[in-house]
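Undergrad: the following comprises the amino acid sequence and a computationally predicted model.
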Amino acid sequence: MPETRRGVLKKTLGGAALLAAAGAVPLALRKTKLREAPAGLKFFTAAEYSIWAAVADRILVEEKPSGAPTAAQLDLAAKADAFLAPLPEADRKDLKQLLALFDNALFSLVQGGPPRTFTGMSPEEQDAHLRRWETSRLAIQRTGYQAMKRLCCALYFSAPAAYASVGYPGPPYELVKSVLGARR
Amino acid sequence: MIHTGSDLDLTLEPDVCVVGSGPGGAMVASRLSRAGARVVVLEEGGYHTKDEFDMQEATAYPRLYQDRGNRATADLSVLVLQGRAVGGGTVVNWTTSYRTPDSVLEYWRRTEGLSLTPQILKPHFLEVERRLGIQKVDYEDTNPNNRAIHDGCTKLGWQVDTVQRNVRGCLRTGYCGMGCPVDAKQSAALTYLPDAVAAGAEVYANCRVEKIERSGKRATSVIGSFLRPGTQIATGKTVRVRPRAVVVSGGAINSPALLLRSGIAEGPVGKKTWLHPVVAVGAFYDQRIEGFYGAPQSVASHHFAHRKEGAGFFVEAAPVHPMLASIAFPGFGASLRSQMALMPNVCATLALMIDGFDPGENGGTVTLRDGGGPRLDYPFTDRMYECFRAGMKAMAQIHLANGAREIVTFHEQSLQIRSEADLAQIEAAPMGPNRVSVFTAHQMGGCRMGADPSRSVVDPQLRHHAMDNLFVVDGSVFPTSLGVNPMESIYGIASWASDHVRAAVA
């Protein structure tokens, strides 16, 4: 019987909670480093917005700035908020649990990372943290990584402002217009 | 006519209620309406026309795909591209059109006691091909992304050919997957649904079917909720349809979920769901490919469709637009950016696994999640992993033969293949859920047809084994996958099945 996404998450979170109860409470409670969130978020709390923004920064970082818009310039966390808000309740709960675990300092430590929240890590530590999730032995971490990576990429690369960075000229509107005009 | 909502709660009493307006539902609605039956079609997706198709991924995927383009297996290991609109998948598919292979029909006859033969289906396919303008693509009309497969296979001596497409006056813009902006693609929304409407059918878009009510062996009512267009939010208005017969045509994930939600759970409903699981490679060329333009699919190789080693697979192309490419490419940050920057020089090639032909194979399972929506699980087997590796190797060989500079796989740590010697890396690379990008654009099975009620949900005429007036007519009835793109098979089998549905309301 395959384990459910929620079931695995609960087990994983349960594991973290047990460790926390064993004496490392201050680490588990270490707080998310907050960014200024826009008003009117429909899905994220300010902390969740900050976690997503930090993830998007590293998913879309360039080796050298090329003039392409940054994740922050496109406010991918606000775009993710709008995209995720209409999801069914079960998915919304999953995502909130995922973000809490992803930014949990104790869980990072248990996995061989620094005893810091993701939002409190250096950029290099953040990349290593993302890679630990990407290649984890735990399927749920790979699932969580894919969920964040795919949505960040989808929101970024579907934005016309990002087209030039990948050499994409965009849709052939003139061709379509000329043909439709001729048919009319 | 096609309604996009209702200001009132409705009660309708047609002869037939069709749930879903993809190729199965549209065909049944058309055939029955033209035969004089009063038909109501309920469709969860919206009604969209060419003026709304802006060729932007940011608009198209949330608007025209299930779960706003985010449908996936529960563990996210398989991304599910599946249409959700008036016309269903035919609005967004890449137009590749094949009849059901003779060998597949023969297998179904042998294993499931079906009577379908190429001769029985031939007149139905001929009519579909006429109505949809299905024609074979000329090699000269293929784009470089597809031509690479053709030329590579030819150099290797492997079977390859151009495909048939359901288009008229195609500009080959490359945007089939986002809705055709010039109505060249002959989707159900432009063909069989208007035919049905002209014959009196009533189509309700933005109407989610919550359940089918039953009384013993009869489906008595179909209950739907109207949604605000573009959302999953109910308006509060409902429809109750009391038909003489119900046709479930929601596709291979939503149809079994509707039956389960309705307590019509007899038989292996939701079991043996087939996906043609897809692995892909990106091949980098020195010259520009511009895989974002041109007919997205125009070439296919079935050279490996009948392997002895394990599951067979076939090879086709995928359009290269920024969003889809970025989701498929592994990694993040600078490595992802550097690969994306070369997008105009990339060929995207797919190997589609032909699942369902190993007697012990279970494929995927559809169950219900909290709230009643469908949940899909598709655990990979060792046999499937072997096939993934074989598919990646074959695709790399095709591009090496065709002069690609480098081929990258979509493992979590992508492999770079520059020569035959590098192919050995594919054997060693770790495999597992979310360790390699897997997609599906072809969903089949879950309400399989067959003579034995313990192995199938509907009988050989597509009537539910346990229900006198309920039929399932869509890709969910296929006992296995097809080994070819499924749209034309769904149309053809739906055309044939329409006579059986008609007999039930005569």
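TA: Great, that's in hand. As the structure is a prediction and not an experimental result, all values here were calculated from the model.
Undergrad: how about residue 98, nearest residue that isn't a chain neighbour?
TA: Unless you meant another one, I'm taking chain A. Nearest non-adjacent residue to A:L98, counting by CB to CB, 6 or more residues apart in numbering or on different chains: A:G144, 4.7 Å away. C-beta coordinates here come from the backbone N, C-alpha and C atoms, glycine included.
Undergrad: oops, wrong one, chain B.
TA: In space, B:Y98 is closest to B:V484, 3.7 Å off (CB to CB, 6+ apart).
Undergrad: cool, and B:W158?
TA: Excluding its sequence neighbours, the residue lying closest to B:W158 (CB to CB, 6+ apart) is B:H303, at 4.0 Å.
Undergrad: what helix or strand is that neighbour on?
TA: Following DSSP states H and E, there is no helix or strand that holds B:H303.
Undergrad: burial of it, as a residue count?
TA: The number of residues packed near B:H303 is 19, by other CB atoms under 10 Å in any protein chain shown.
Undergrad: what residues are up against the residue sitting nearest the centre point of chain A?
TA: In chain A, the C-alpha nearest the mean C-alpha coordinate belongs to A:M148, at 3.6 Å (CA atoms, centre = their mean). Counting by CB atoms under 8 Å, 6 or more residues apart in numbering or on different chains, A:M148 makes contact with A:W52, A:V55, A:I59, A:L98, A:F102.
Undergrad: mind running it again at 6 Å?
TA: A:V55 (CB atoms under 6 Å, 6 or more residues apart in numbering or on different chains).
Undergrad: distance check, it against A:F102.
TA: Between A:M148 and A:F102 the computed distance is 8 Å (CB to CB, to the nearest Å).
Undergrad: ditto for A:K33
TA: Going from A:K33 to A:F102 by CB to CB gives 13 Å.
Undergrad: B:G483 reaches B:A305, doesn't it?
TA: Yes - using CB atoms under 6 Å, B:G483 is in contact with B:A305, at 5.3 Å.
Undergrad: those two: which has the busier surroundings?
TA: B:G483 (25 against 19).
Undergrad: so who does the more buried one touch?
TA: Contacts of B:G483 by CB under 6 Å, 6+ apart are B:P101, B:A305, B:I354.
Undergrad: the last one reaches B:G312, doesn't it?
TA: Yes - contact criterion CB under 6 Å: B:I354 and B:G312 qualify, at 4.4 Å.
Undergrad: the two: which has the busier surroundings?
TA: Ranked by neighbour count (other CB under 10 Å), B:I354 and B:G312 place B:I354 first, with 25 against 22.
Undergrad: that's a helix at B:A283, yeah?
TA: No - read with DSSP: H, G, I helix; E, B strand; the rest coil, B:A283 is strand and lies in no helix.
Undergrad: can you tell me the helix or strand for residue 62?
TA: Picking chain A for this. Using DSSP H and E, A:E62 falls within no helix or strand.
Undergrad: switch to chain B, please.
TA: Assigned by DSSP H and E, B:P62 falls within helix B:57-64.
Undergrad: repeat that for B:L376.
TA: strand B:374-377.
Undergrad: on the C-terminal side of that strand, identify the next helix or strand.
TA: Next along the chain after strand B:374-377, taking DSSP H and E as the criterion, comes helix B:382-401.
Undergrad: and that next one, how far out from the chain's middle?
TA: 22 Å (CA atoms, centre = their mean, to the nearest Å).
Undergrad: quick one: list the elements packing against it.
TA: helix B:144-156, strand B:278-284, strand B:346-354, strand B:406-409, helix B:424-428 (3 or more CB pairs under 6 Å, 6 or more residues apart in numbering or on different chains; DSSP states H and E).
Undergrad: just the C-alphas of that helix, formatted as CSV.
TA: The C-alpha trace of helix B:382-401 is given here as CSV (Å, rounded to 0.1, in the frame of the first residue of the first chain):
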residue,chain,number,x,y,z
ASP,B,382,11.7,-2.6,-11.8
ARG,B,383,10.3,-3.5,-15.2
MET,B,384,9.3,0.2,-15.7
TYR,B,385,12.8,1.4,-14.6
GLU,B,386,14.4,-0.9,-17.1
CYS,B,387,12.2,0.6,-19.8
PHE,B,388,13.0,4.1,-18.7
ARG,B,389,16.7,3.4,-19.1
ALA,B,390,16.2,1.7,-22.4
GLY,B,391,14.1,4.7,-23.6
MET,B,392,16.8,7.2,-22.5
LYS,B,393,19.5,5.2,-24.2
ALA,B,394,17.6,5.0,-27.5
MET,B,395,16.8,8.7,-27.4
ALA,B,396,20.5,9.6,-26.8
GLN,B,397,21.5,7.3,-29.6
ILE,B,398,19.1,9.0,-32.0
HIS,B,399,20.6,12.4,-31.2
LEU,B,400,24.2,11.2,-31.2
ALA,B,401,23.5,9.8,-34.7
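Undergrad: how far off helix B:144-156 does that helix point, in degrees?
TA: In terms of direction (axes from the mean of the first three to the mean of the last three CA atoms, to 10 degrees), helix B:382-401 departs from helix B:144-156 by 90 degrees.
Undergrad: give the buried residues for helix B:382-401.
TA: B:383-401 (16 or more other CB atoms under 10 Å in any protein chain shown).
Undergrad: so what touches it?
TA: For helix B:382-401, using CB under 6 Å, 6+ apart, the contacting residues are B:149, B:152-153, B:155-156, B:279, B:281, B:283, B:304, B:310-311, B:313, B:349, B:351, B:353, B:407, B:409, B:417, B:423, B:426, B:431.
Undergrad: if we use 7 Å, what do you get?
TA: B:148-149, B:152-153, B:155-156, B:277, B:279, B:281, B:283, B:304, B:309-311, B:313, B:315, B:347, B:349, B:351, B:353, B:358, B:407, B:409, B:417, B:420, B:423, B:426-427, B:431, B:436 (CB atoms under 7 Å, 6 or more residues apart in numbering or on different chains).
Undergrad: ok, now stretch A:167-180?
TA: Around stretch A:167-180, the neighbours that count as contacts under CB under 7 Å, 6+ apart are A:160, A:163, B:55-56, B:171, B:173, B:175, B:181-182, B:292-293, B:322, B:341, B:343-344.
Undergrad: out of these, which is nearest to B:V299?
TA: Minimum distance to B:V299 across these is 15.5 Å, recorded for B:Y293 (CB to CB).
Undergrad: return the residues in contact with that closest one.
TA: By CB under 7 Å, 6+ apart, the residues touching B:Y293 are A:P172, B:N143, B:T173, B:G174.
Undergrad: let's see the pLDDT reported for it.
TA: With respect to pLDDT, B:Y293 has a value of 98.
Undergrad: check A:R184 too.
TA: 64.
Undergrad: quick one, phi/psi of the closest residue to B:T273 other than its chain neighbours?
TA: Nearest non-adjacent residue to B:T273, counting by CB to CB, 6+ apart: B:G364, 3.7 Å away. Note on B:G364: its backbone torsions stand at phi -100, psi 170 [degrees, to the nearest 10].
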